[in-house]
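# let me see the structure of the following:
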Amino acid sequence: MYQLEETFYFYFLISIPILILVFSYYKIWRTTIIKKYFNTDSLNFLSPEFSSSKLYLKASLTFLVIVFLVFGLVNPKIGTELKTVKREGVDIVFALDVSKSMLAEDIAPNRIFKAKRLVSEMFNKLGSDRVGIIAYASTAIPVLPITTDFSSAKMFLESLNTDMLSSQGTSIIEAIELSKGYFDDDNQTNRVLCILSDGEDHEFKEDQLFSAIDESGITIFTIGLGSTKGAPIPIKENNIVKSYKKDDKGEVVITRLNENLLQKMALQSSGKYIKGDNTNQVVDDIINELKEMDKKEFESKQFVSFKDQFQWFLAIGLLLLLIDSIIYNKKTKWIEKLNLFNEN
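As a prediction, the model looks like this:
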């Protein structure tokens, strides 16, 4: 296991391709000037010991020096001690609606972006809890199993989009059924499912939904995204709206937030419904609800001790810099024999 402490310094690596371009331009300019004013015999007579291959060698050393010094500044760390750590928290699975209706822009910038932002902000506030991610539209698919790795969770969260499921529609029941497999123990009381959706679901009867909620035994928090007034679903090309989704009759489809459904779902599971407009309020409400719940103790293996490795990179970089400083542009017999740079 390793960590990178200061990844910002990786931006300095951009200087390498820039320096390569500068060096290439210099070589072309130098060759042009020499050919213009000198011939090969006169050049060899004037500077018999000059080695153009040394220019490539010194340039290569310079590039390597930059790479090693940058890695030294980044300070890679290697985990040296793995321990089993006992933690207490709540298992919470986030189910995000990725149907096309989530592209509606009645909540800025659109519903799906807002949903991902809400979940990401919750990840920042969660402590020893475990999280999982489900995406659903006409069907539900697992995206991330239950984990304490919030960095990975954010990466998988950002990958969600409305094109990941080919068939459209919305099936909240499948998301609830799938979430049951995320929890270790069916009898634990702190199982939470957080559904982020506009509530549009045309593929179930309410008694089927409520039956699925009761059988799951999961506490459900629902977050409503969008407005009850509704908005059309834009069809974009290169981030430019070309048209809007239409029904079979050629009429523009207006998608509306179904607060009634989301409120009933939360009430049926002894959970809570929250309107998703205010990010800070939503995050605070969810975190406060989780704090009031019973905590489950679970074990996880973690690296608890990391050792700095920057000194190795700095040492190699400084050594290469020293080597570069003592290499002159004079010919070296054994290097000339190797002819590393195909020099005539």
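# packing partners of the host helix or strand of Gln311?
Secondary structure from DSSP states H and E places Gln311 in helix 310-326. Other elements packing on helix 310-326 under the criterion 3 or more Cβ pairs under 8 Å, 6 or more residues apart in numbering; DSSP states H and E are helix 53-74. Every residue, glycine included, has its C-beta placed from N, CA and C.
# quick check: Ile141 vs Trp312, distance?
43 Å (Cβ to Cβ, to the nearest Å).
# do the same with Gly132
38 Å.
# neighbour count for those two, which is higher?
More crowded of Gly132 and Trp312, by other Cβ atoms under 10 Å: Gly132, with 23 against 13.
# where does pLDDT dip in the stretch 1-150 of the chain?
1-2, 40-52, 79-87 (pLDDT under 70).
# recalculate using a threshold of 90.
Applying pLDDT under 90 to the stretch 1-150 of the chain flags residues 1-12, 23-24, 26-62, 72-91, 108, 126-130, 137-139, 147-149.
# could you pull out the helices for it?
For the stretch 1-150 of the chain, the helices defined by DSSP state H, counting those that start in this stretch cover 15-37, 40-46, 53-74, 111-125, 150-158.
# next, report how far the first one is displaced from the centre of its chain.
The offset between the C-alpha centroid of helix 15-37 and the centroid of the whole chain comes to 39 Å, using Cα atoms, centre = their mean, to the nearest Å.
# coming back round to it: would you format the helices of the stretch 1-150 of the chain as JSON lines with mean neighbour count and distance to Val90 included?
Shown next, in JSON lines, are the helices of the stretch 1-150 of the chain (neighbours: other Cβ atoms under 10 Å; distance: least, Cβ to Cβ, whole Å):
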{"stretch": "helix 15-37", "mean neighbour count": "11", "distance to Val90": "47"}
{"stretch": "helix 40-46", "mean neighbour count": "11", "distance to Val90": "77"}
{"stretch": "helix 53-74", "mean neighbour count": "18", "distance to Val90": "35"}
{"stretch": "helix 111-125", "mean neighbour count": "19", "distance to Val90": "12"}
{"stretch": "helix 150-158", "mean neighbour count": "15", "distance to Val90": "14"}
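# so which of the ones you listed gets nearest Gly230?
helix 111-125 (11.4 Å; Cβ to Cβ).
# same for that closest one, what does it pack against?
Going by 3+ Cβ pairs under 8 Å, 6+ apart, helix 111-125 lies up against strand 91-97, helix 150-158, strand 191-197, helix 279-291.
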